[in-house]
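**Q** Test case, fold it:
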Amino acid sequence: MEIFFASVEYQAATKEQAKYVRQISPFPERTAYVFVYDSKMTLAGQRSSTVAKLITDIGAVNQLQDNIVDLMSKVR
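**A** Numbering: from 1, shown residues only. The predicted structure follows:
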């Protein structure tokens, strides 16, 4: 990003930006998920962020057992 912001192209593109843009409001980050941590897949990486949240929210600890994780992680 540092190189991009210092580039001639970026400077040219934003030179007269204030004439045309009054305000920039990016979308806020609502939720962040880690799919791989310390070279290992997290629950969100194994099952999807939505399913991982559901498992965590309802306390479905049976879904965290090694035999279930192995079953769900098999490539078919």
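**Q** Please count neighbours and contacts with C-alpha atoms only from this point.
**A** OK.
**Q** which parts of the lengthiest helix in the chain are buried?
**A** Taking DSSP state H as the criterion, the chain has its longest helix at helix 49-58. For helix 49-58, a neighbour-count test (16 or more other C-alpha atoms under 10 Å) marks 49, 52, 55 as buried.
**Q** Distance of residue 17 relative to residue 26?
**A** 16 Å (C-alpha to C-alpha, to the nearest Å).
**Q** In the chain, where is pLDDT below threshold?
**A** The chain contains residues with pLDDT under 70 at 75-76.
**Q** can you do 90?
**A** 1, 24-33, 66, 68-76 (pLDDT under 90).
**Q** residue boundaries of the strands in it?
**A** With strands called from DSSP state E, the chain shows them at 36-37, 40-41.
**Q** quick one: which of these is nearest residue 1?
**A** Counting by C-alpha to C-alpha, residue 1 lies closest to strand 36-37 out of these; the figure is 23.7 Å.
**Q** Let me see the residues that make contact with that closest one.
**A** Strand 36-37 is contacted from outside by 42, 45, using C-alpha atoms under 8 Å, 6 or more residues apart in numbering.
**Q** Can you list the strands that it pairs with?
**A** strand 40-41 (antiparallel) (DSSP bridges).
**Q** which residues touch the partner strand?
**A** With C-alpha under 8 Å, 6+ apart as the test, strand 40-41 has contacts from residue 35.
**Q** next one: that strand to chain centre, how far?
**A** Its chain's C-alpha centre and that of strand 40-41 lie 15 Å apart, by C-alpha atoms, centre = their mean, to the nearest Å.
**Q** How about stretch 5-14?
**A** Put simply, stretch 5-14 sits 28 Å off its chain's centre (C-alpha atoms, centre = their mean).
**Q** got a list of contacts for that stretch?
**A** residue 4.
**Q** and what of stretch 23-30?
**A** Applying C-alpha under 8 Å, 6+ apart, stretch 23-30 turns out to have no external contacts.
**Q** got the end-to-end distance for stretch 44-62?
**A** Using C-alpha to C-alpha, the two ends of stretch 44-62 sit 16 Å apart.
**Q** again with stretch 57-72
**A** Stretch 57-72 end-to-end distance (C-alpha to C-alpha) = 19 Å.
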